[in-house]
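1. sequence and predicted model, in that order:
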Amino acid sequence: MASLQRQRLLVTRTLPQASQARLDKGLEGVDVVQWKEDCAIPRAEFLKMAKGADGILCLLTDKIDAELLDAAGPQLKVVSTMSVGFDHVHVPELTSRNVALGITPGVLTEATADTTVLLVLASARRLREGMSAVINGEWGTWSPTWLLGSQLTDKTVGIVGLGRIGVAVAKRLKVFGVQKFLYQGTRPKKESEEEVGGAIEFADMDRLLRESDVICVCCALTDKTKNMFDYNAFSKMKKSVVFVNTARGGIVEQDGLIRALREGKLGSVGLDVTVPEPLPKDSELLSFPNCLVLPHIGSGTLETRTAMSEIAIDNVLKGMKGERLPFPHDA
Ligand SMILES: O=CC(=O)O
């Protein structure tokens, strides 16, 4: 009787506890090799460990391109990324080799929308400046004019990308009394408009930039959205704008953002994503009191990260069996 050949699964980082326990318990017919250091797998190590893998469970920090796929070999059946974004994966290379790609959509919508709202409020209410004042002993007596921010009541909010996360952001911000939402994307989305409810309109980019009091970037990084927010775009925004990006750093042309901040063109900025990540400590971006930067923690709750890693395991196991992935990238 022919014995079933064991498969090799490469996992590029230690996973949240429950999912790690699932791997440690052992997966039937699968040998797991895993990079367990608390840092991104170095490229040379990745190329070495990928050799002979039937499945790869990776993160958004791991570049998946022709070189990596060559190093893995022709037996590779599936790449499963523990992220909803897949701009780190060269999809045509996977497609041409018949390698499936799994992602983790849906489960991180709420946490990422929460982080977006957190940045909107924190930026609008000048949280960074307020906290620094307290820590640095600059907190004087209560003043009617000190550290005044802005509020969402009766404002116009621009959402760039009215996908799952964009809708969840709009629904949350609505309860703060937003008057109107404008949105941008590949096309008008009636179903998403209905889900948000109330005053919401598809608008051209120029109008969205000029009329919005708050702009939230919630779209994927693609060839079309890369560097979409450049100096020219920032120059069109209101001087009081609150600009928040929780999607991908590459959607913003960062030198243009820095120039706009330097020239005082922007009210406040909240970023969860930058280029590069981590952002070097001496980046000029960190020198502006009205720019708040978080270390890419949009989906960073235990519940969400566990749900993401569980899906990533389910995807990779199905793919290694040659079956349809529960969450393929092109669903
Ligand atoms: O940024 C996080 C993700 O794409 O999942």
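-> In hand now; what should we look at? Numbers count the residues shown, from 1 in each chain.

2. list the contacts for L286?
-> 279, 293 (C-beta atoms under 8 Å, 6 or more residues apart in numbering). Backbone N, C-alpha and C define where each C-beta goes, glycine included.

3. make it 10 Å
-> Neighbouring residues of L286 by C-beta atoms under 10 Å, 6 or more residues apart in numbering: 274, 279-280, 292-293.

4. most centrally placed residue in the chain?
-> Against the mean C-alpha coordinate of the chain, by C-alpha atoms, centre = their mean, the closest residue is A247 at 4.0 Å.

5. quick check: residues of the stretch 1-150 of the chain near the ligand?
-> 60, 83-85, 108 (C-beta under 6 Å from any ligand atom).

6. kindly recompute the last result at 8 Å.
-> Residues of the stretch 1-150 of the chain lying close to the ligand (C-beta under 8 Å from any ligand atom) are 60, 81-86, 103-104, 108, 112.

7. each with direction, which strands does the helix or strand where S80 lies pair with?
-> Per DSSP states H and E: S80 is located in strand 78-81. Looking at strand 78-81 with DSSP bridges, its partner strands are strand 55-58 (parallel), strand 100-102 (parallel).

8. relative to K190, which of those strands is closest?
-> K190 sits nearest to strand 100-102 of all the strands paired with strand 78-81, at 28.9 Å, using C-beta to C-beta.

9. next one: the very next helix or strand once past that closest one to chain centre, how far?
-> Going down the chain from strand 100-102, the next helix or strand is helix 109-124, by DSSP H and E. Distance of helix 109-124 from the chain centroid (C-alpha atoms, centre = their mean, to the nearest Å) equals 12 Å.

10. so which elements touch helix 109-124?
-> helix 127-135, helix 164-174, strand 214-217, strand 242-245, strand 268-271, strand 291-293, helix 302-320 (3 or more C-beta pairs under 10 Å, 6 or more residues apart in numbering; DSSP states H and E).

11. and if we set it to 6 Å?
-> helix 164-174, strand 242-245, strand 268-271 (3 or more C-beta pairs under 6 Å, 6 or more residues apart in numbering; DSSP states H and E).

12. quick one: name the residues of the stretch 151-300 of the chain near the ligand.
-> Close to the ligand, as judged by C-beta under 8 Å from any ligand atom, the stretch 151-300 of the chain has residues 247-248, 273, 296, 298-299.

13. by neighbour count, which of the residues you listed wins?
-> Within these, A247 tops the neighbour count with 27 neighbours, counted by other C-beta atoms under 10 Å.

14. just for this structure, where's the confidence low?
-> 1-4 (pLDDT under 70).

15. quick one: the helices in the stretch 151-300 of the chain?
-> Ranges of helices in the stretch 151-300 of the chain, per DSSP state H, counting those that start in this stretch, are 164-174, 190-196, 205-211, 231-236, 254-262.

16. which among the helices and strands packed on helix 109-124 is found nearest to R259?
-> strand 268-271 (12.6 Å).

17. the closest one - contacts with which helices or strands?
-> Going by 3+ C-beta pairs under 6 Å, 6+ apart, strand 268-271 lies up against helix 109-124, strand 242-245, strand 291-293.

18. give me the contact list for it.
-> 119, 123, 242-245, 290-293 (C-beta atoms under 6 Å, 6 or more residues apart in numbering).

19. from those, pick the one nearest the ligand.
-> N245 (11.3 Å; C-beta to the nearest ligand atom).

20. tally up the residues packed near the closest one, please.
-> Counted with other C-beta under 10 Å, N245 comes out at 24.

21. same question, P328
-> 17.

22. distance of it relative to the ligand?
-> Per C-beta to the nearest ligand atom, to the nearest Å, P328 is found 15 Å from the ligand.

23. who wins for neighbours among the residues of the stretch 1-150 of the chain next to the ligand?
-> M82 (29 neighbours).

24. from the chain's centroid, how far away is stretch 278-288?
-> 19 Å.

25. what's the end-to-end length of that stretch?
-> 18 Å (C-alpha to C-alpha, to the nearest Å).

26. buried ones in that stretch?
-> 279, 285, 288 (16 or more other C-beta atoms under 10 Å).

27. cool, stretch 254-262 as well?
-> Buried, per 16+ other C-beta under 10 Å, within stretch 254-262: 254, 256-261.

28. returning to what we had before: can I get the strands paired with strand 78-81 in CSV including distance to S132 and mean neighbour count?
-> Shown next, in CSV, are the strands paired with strand 78-81 (distance: least, C-beta to C-beta, whole Å; neighbours: other C-beta atoms under 10 Å):
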stretch, distance to S132, mean neighbour count
strand 55-58, 37, 28
strand 100-102, 42, 24
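
29. could those go into a markdown table alongside distance to D204?
-> Below are those laid out as a markdown table (distance: least, C-beta to C-beta, whole Å):
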| stretch | distance to D204 |
| --- | --- |
| strand 55-58 | 37 |
| strand 100-102 | 32 |
